[in-house]
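Undergrad: fold the following for me, if possible:
(chains A and B)
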Amino acid sequence: MTDLRPDLEIIARHVREGSRVLDVGCGDGALMAALRDLKRVDARGLELNADNVAAAVARGLSVVQGDADTDLGYYPDRSFDYAILSQTLQTTRRPDRVIEALLRIGSRAFVSFPNFAHWRGRMALLFGGRMPVTRLLPERWYDTLNIHHLTIDDFRALVKERGWQIEAQWFLKGGRETGGANANLLAEHAVFLLKA
Amino acid sequence: MAHAATNMDQRFGTGRRVLLQGPLRLDSGAALSPVEIAYETYGTLAPDGRNAILICHALTGDQYVASTHPLTGKPGWWTRLVGEGLPIDPQRHFIVCANVLGSCMGSSGPASIDPATAEPFGMRFPVITIADMVRAQALLLDHLGIERLFAVIGGSMGGMQALTWPTIFPDRVEAAIVIASTARHSAQNIAFHEVGRQAIMADPKWRGGAYYDDGDVPAAGLAVARMAAHITYLSEAGLTEKFGRRLQARDAKTFGFDADFQVESYLRHQGLSFVERFDANSYLYITRAMDYYDIAEDHGGALAAAFAATRARFCLISFDTDWLYPTAESRIIVHALNAAGREASFVELSSPFGHDSFLLDAPEMNRVIDGFLRAGRR
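TA: Next comes the predicted model:
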């Protein structure tokens, strides 16, 4: 339906028409613009990078420059139908607190992240003995923004521990949706829809 | 047709002045009647009246936003943003810029004649606030037949007015752009202003503000006030880049108190040229209005409460080298807008020029403003 990144495409497909959305780490606003144009969504964004914010505002989007780790506290409870965190979880200082904030601000939260337990990464570590540098995780250990690498099973364990609910989940391999079987080994990306 | 009709209307155009009966009730409890407002308009008011943009000027600014200043002969102060093909465009927008209440470029201020005494007000002019300036602008819009603003925009003190507009007139403004500004004057802001005021009042020529009769104005005091303030509009890096420790038209230090350094010479020039276009009493009144500014205080101490009734979209822009109204001040506003659930955008832009960045070449600022304004057309 769009030329969105595959995980954003999944999120866009499942956001309810006309809902209120907070996109945390919204980048240049590609998802927000698609939601606004295709689903009449009232979308707001939070983004750390000034160039991205400028690009998003110049698209006519409401985006605030700020940090997911420190600025989510300023949003009132239940002020959005969905809070979205796409490919940002692994860059936050306290991912657990960020998800907690998402579920406080939004009735539901979409969270997408790269799966560090994908078999290519495992092979690189097992046989190469080095931190994996792959197509999906192209940065090296010292210059990556990903400071909290996680796996799909790690994420599920956190969700269980905190008593959150998984309403839906999707997995991606090579930019296409794939089945959930052995996702922790075979999927490159995961998208979860959570509820508090 | 609409174009011709507007052009024939004496209310529209450049170099306009209007005497409004008011009365304008002020925050101090006093009232002003009549109220004179000097203003400029550019462009044509759309038949549905939905293309009006009010531009609010800063402390020492004026209504000549995109036309030549009558005293200095310099081009308008925001011609980088306002003009054909620019984000605020007279081809598309009906643009209004008025000299603020208390100023000295034609609007009512301390140099105006007090109808009670037939003499200039001087210090008998009532103390005004930013909200009073906004209410005076609303009187002007009534006169111009503008019910609702497509946008209000301003930098610095102009940003304070733009931020205040939706809080006082929630139904009259669709969008507010607040640049390099704040929701309240900090202790440091007040302190710098007090230095300026004391410089003026310490000038023996100030005479309690009653200097209009012989025209022997407190130029030295006002020049010093301007010099001190001007430093706060720049950044250390900007000053270093522009002047460093370079000497002014000489090869060696003079071991005296002449303007040895370029930066001294520059500041002296800034001070001297300022007194030719600005009134010292106006400087006292307007800085006072800024010092009294605290939107939260007017709403029970909670900034979010100030925005509870607003409906406008907000866009805030700060600059990373602005230490007069630093980014943290804009963030406070943004957090309050988020808490109030308002539609808000905010970005900190990078520029070496300090507070004055918004008046200089800032292509990113233009891009953000253009996108923000165009979003209102959806």
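
Undergrad: from A:Asp153, how far off is the residue located most distally from the centre of chain A?
TA: For chain A, the residue at maximal distance from the C-alpha centroid (Cα atoms, centre = their mean) is A:Phe127, at 29.7 Å. If you measure A:Phe127 against A:Asp153 using Cβ to Cβ, to the nearest Å, the figure is 21 Å. C-beta here means a position set from N, CA and C on the backbone, and glycine is covered the same way.

Undergrad: can you check B:Phe319 too?
TA: When distances are taken as Cβ to Cβ, B:Phe319 and A:Asp153 turn out to be 46 Å apart.

Undergrad: more neighbours: those two, which one.
TA: The neighbour comparison of B:Phe319 against A:Asp153 (other Cβ atoms under 10 Å in any protein chain shown) goes to B:Phe319, with 30 against 13.

Undergrad: spell out which residues of chain B are next to chain A.
TA: B:313, B:315, B:331, B:334-335, B:338-339, B:341, B:343-350, B:364, B:367-368, B:370-372, B:374-375, B:378 (Cβ under 8 Å from any Cβ of the partner chain).

Undergrad: now which of the residues you listed would you call buried?
TA: By neighbour count, with 16 or more other Cβ atoms under 10 Å in any protein chain shown, the residues of chain B next to chain A hold B:313, B:315, B:331, B:334-335, B:338-339, B:341, B:343-349, B:364, B:367-368, B:370-372, B:375 as buried.

Undergrad: among these, which ones are in strands?
TA: Per DSSP state E, strands hold the following members of those: B:Arg313, B:Cys315, B:Ala344, B:Ser345, B:Phe346, B:Val347, B:Glu348, B:Leu349.

Undergrad: out of those residues, which is nearest to B:Leu71?
TA: Of all those, B:Leu349 has the smallest distance to B:Leu71: 31.4 Å, by Cβ to Cβ.

Undergrad: can you tell me how far that closest one sits from B:Trp77?
TA: Relative to B:Trp77, B:Leu349 is positioned 19 Å away (criterion: Cβ to Cβ).

Undergrad: next up, the contacts around the residue nearest the centre of chain B.
TA: The residue lying closest to the centre of chain B (Cα atoms, centre = their mean) is B:Ala58, at 1.8 Å. For B:Ala58, the contacting residues are B:Gly154, B:Gly155, B:Ser156, B:Met157, B:Gly158, by Cβ atoms under 8 Å, 6 or more residues apart in numbering or on different chains.

Undergrad: where do the strands sit along the stretch 201-350 of chain B?
TA: With DSSP state E, counting those that start in this stretch applied, the stretch 201-350 of chain B shows strands at B:313-319, B:344-349, listed in chain order.

Undergrad: does A:Asn146 count as helix, strand or coil?
TA: Using DSSP: H, G, I helix; E, B strand; the rest coil as the criterion, the local structure at A:Asn146 reads coil.

Undergrad: what does the pLDDT read for it?
TA: According to the prediction, A:Asn146 has pLDDT 90.

Undergrad: likewise for B:Gln63?
TA: 98.

Undergrad: got a list of contacts for stretch A:35-43?
TA: Where contact means Cβ under 8 Å, 6+ apart, the residues beyond stretch A:35-43 that reach it are A:1-2, A:12, A:15-23, A:31-32, A:61-62.

Undergrad: can you show me the strands along chain A?
TA: Listed in chain order, the strands found in chain A under DSSP E are A:20-24, A:42-47, A:62-65, A:80-86, A:106-114, A:165-173, A:176-178, A:189-195.

Undergrad: what angle do the last one and strand A:165-173 make?
TA: Relative orientation of strand A:189-195 versus strand A:165-173 (axes from the mean of the first three to the mean of the last three Cα atoms, to 10 degrees): 170 degrees.

Undergrad: then strand A:189-195 to PDB, C-alphas only?
TA: These are the backbone C-alpha positions of strand A:189-195, laid out as PDB (Å, rounded to 0.1, in the frame of the first residue of the first chain):
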ATOM      1  CA  HIS A 189      12.700  -8.300  12.700                       C
ATOM      2  CA  ALA A 190       9.700  -8.500  15.000                       C
ATOM      3  CA  VAL A 191       6.700  -6.300  15.500                       C
ATOM      4  CA  PHE A 192       4.600  -6.600  18.600                       C
ATOM      5  CA  LEU A 193       1.300  -5.100  19.500                       C
ATOM      6  CA  LEU A 194       1.100  -4.800  23.300                       C
ATOM      7  CA  LYS A 195      -1.500  -3.900  25.800                       C
END
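
Undergrad: got the buried residues for it?
TA: Residues A:His189, A:Ala190, A:Val191, A:Phe192, A:Leu193, A:Leu194 are the ones in strand A:189-195 that count as buried (16+ other Cβ under 10 Å).

Undergrad: could the strands of the stretch 201-350 of chain B go into TSV alongside mean pLDDT?
TA: As requested, the strands of the stretch 201-350 of chain B are exported to TSV (pLDDT from 0 to 100):
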stretch	mean pLDDT
strand B:313-319	98
strand B:344-349	96
